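> sequence? don't have it. structure:
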């Protein structure tokens, strides 16, 4: 164990520097790199390991990154529990097993062989598991003994799945925002150029209102982006006060009655037990407006939209049901993601950008609640929102 500890003492700092290199690159360019510490003292003559060996071994075993030490015969000399969890083997039983038995991966075997020849490598690897595919950064370093070939190899694996997903989401966000902004800007540019080239009353009357509509769409999109950014950063401000849920919902439902009537849709508000809670009425109004508008737009003539209010235990429950076209099963898990739209052609016609439900979820989360959706294609959709009810303390006065 002493030899293992000595090897890892020298290998771990190098890997940790590699992991942090991206974040600290600028700082390292400005500051001189400190000299490496002197090698640890040799073991005592009686063969006893230094006192720090036990503490360091415990630290390696507790690391959240996988650590595997492989000897010159390609057998596992040491593996911590994190490595066993990553590669799917029992860390204790893997000791003395051939590396290809413990980790049946041809690419890793090749990199280990290269490390035995003195060539280090750092590269991602995708592994499947019970929770789906995950991406790990695997670093393989030779541990030399002064000869041409390495005496052993140390392997580190750290989970990069969240970072990869974050980077992918960032790229998708930039792509989506660029697309959503470019479409109305192109329309505005074309309309204004037409008005300039044909400066008559008919051209102005035809194109200027359309250009103004596109400007309104841009302003709404920017507003939605700001709302979404606040919600995701936890900076969504709530003006909390005691409210009656029906008093918030009733005027909004009434404002949608003309739109529903024009489409031949029955719009109904059903209030069960009176519900009072501590919430931001303006933010709740945003939820009602978004969900009712979606329900009416995606329900055909002769359909129904119901807004149901009730209390269940310690929660206020809001359900918005429609008998509309429904949401395909494959799309249902993604509808609360920003910029996700089920039918892009219908969304384009209404000027939506796929941000409405993401904003609704952000508002519900800010209130400490939860939102879910159930749908059957061709049969309709139900959105269910649960919000915690404020417990009102009453003073008994004699």
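All right, it came through fine. Small disclaimer: the values here were computed from a predicted structure and weren't measured.

> got the domain ranges for this protein?
Here the domain assignment for the chain is 2-159, 161-235, 238-393, based on automatic domain parsing.

> the second one: how far from the chain's middle?
Using CA atoms, centre = their mean, to the nearest Å, we find the averaged C-alpha position of domain 161-235 to lie 24 Å away from the chain's own average C-alpha position.

> mean confidence for that domain?
If you average the pLDDT over domain 161-235, you get 76.

> re earlier: which of the domains of the chain sits most buried?
Stretch with highest mean neighbour count among these: domain 238-393 (a mean of 17; mean count of other CB atoms under 10 Å). All C-beta atoms are positioned from the backbone trio N, CA, C, and that covers glycine.

> what about it, average pLDDT?
86.

> is residue 238 in a helix, a strand, or coil?
coil (DSSP: H, G, I helix; E, B strand; the rest coil).

> backbone dihedrals for residue 357, both of them.
phi -70, psi -30 (degrees, to the nearest 10).

> now the end-to-end length of stretch 299-318.
19 Å (CA to CA, to the nearest Å).

> touching it from outside, list them.
Around stretch 299-318, the neighbours that count as contacts under CB atoms under 8 Å, 6 or more residues apart in numbering are 245-246, 249, 253, 260, 263-273, 275, 277, 287-288, 292, 295-296, 319-325, 369, 380, 384-389.

> so residue 250 touches residue 269, yeah?
Yes - if you go by CB atoms under 8 Å, residue 250 and residue 269 touch, sitting 6.3 Å apart.

> what helix or strand is residue 278 on?
Here residue 278, judged by DSSP states H and E, is contained in strand 276-279.

> same question but for residue 291, I mixed them up
helix 281-297.

> packing partners of that helix?
Helix 281-297 sits against strand 241-244, helix 245-263, strand 304-312, strand 315-322, helix 356-366, strand 380-388, with contacts defined as 3 or more CB pairs under 8 Å, 6 or more residues apart in numbering; DSSP states H and E.

> could you point out which element follows the longest one?
If I follow you right, that is helix 245-263. strand 266-271.

> partners of that next one, with directions?
The strands beside strand 266-271 in its sheet (DSSP bridges) come out as strand 304-312 (parallel).

> chain center to the partner strand: distance?
Offset of strand 304-312 from its chain centre (CA atoms, centre = their mean): 30 Å.

> repeat that for stretch 61-68.
25 Å.

> strands paired with the helix or strand encompassing residue 69, and their directions?
Using DSSP H and E, residue 69 maps to strand 66-71. Here strand 66-71 has these sheet partners by DSSP bridges: strand 76-79 (antiparallel), strand 150-159 (antiparallel).

> format the ones you listed as CSV; extra columns: distance to residue 315.
Conversion of the strands paired with strand 66-71 to CSV gives the following (distance: least, CB to CB, whole Å):
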stretch, distance to residue 315
strand 76-79, 47
strand 150-159, 35
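
> looking at those strands, which has the lowest confidence?
Among the strands paired with strand 66-71, strand 150-159 carries the lowest mean pLDDT (a mean of 87).

> chain center to it: distance?
For strand 150-159, the separation from the chain centroid amounts to 30 Å (computed by CA atoms, centre = their mean).

> check which element follows that strand along the chain.
Following strand 150-159 in sequence, per DSSP H and E, is helix 161-197.

> now do that following helix: which elements does it pack against?
strand 134-144, helix 201-233.

> relative orientation of the helix holding residue 291 and helix 245-263 in degrees?
Put simply, helix 281-297 runs at 30 degrees to helix 245-263, going by axes from the mean of the first three to the mean of the last three CA atoms, to 10 degrees.

> which residues are contacting helix 281-297?
So helix 281-297 is contacted by 236, 238-239, 241, 243, 245, 248-249, 252-253, 256, 259-260, 263, 265, 267, 305, 307, 318, 320-322, 324, 350, 356-357, 359-360, 363-364, 366-367, 381, 383, 385 (CB under 8 Å, 6+ apart).

> orientation of that helix relative to helix 201-233 in degrees?
Using the same axes, to 10 degrees: helix 281-297 against helix 201-233 is 120 degrees.

> contacts only, for the closest residue to residue 389 other than its chain neighbours.
The shortest distance from residue 389 to any non-neighbouring residue, by CB to CB, 6 or more residues apart in numbering, is to residue 277 (4.8 Å). Residues in contact with residue 277 (CB under 8 Å, 6+ apart) are 242-243, 245, 316, 387-390.

> could those residues go into a markdown table alongside distance to residue 229?
Shown next, in a markdown table, are these (distance: CB to CB, whole Å):
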| residue | distance to residue 229 |
| --- | --- |
| 242 | 29 |
| 243 | 26 |
| 245 | 28 |
| 316 | 27 |
| 387 | 23 |
| 388 | 25 |
| 389 | 29 |
| 390 | 28 |
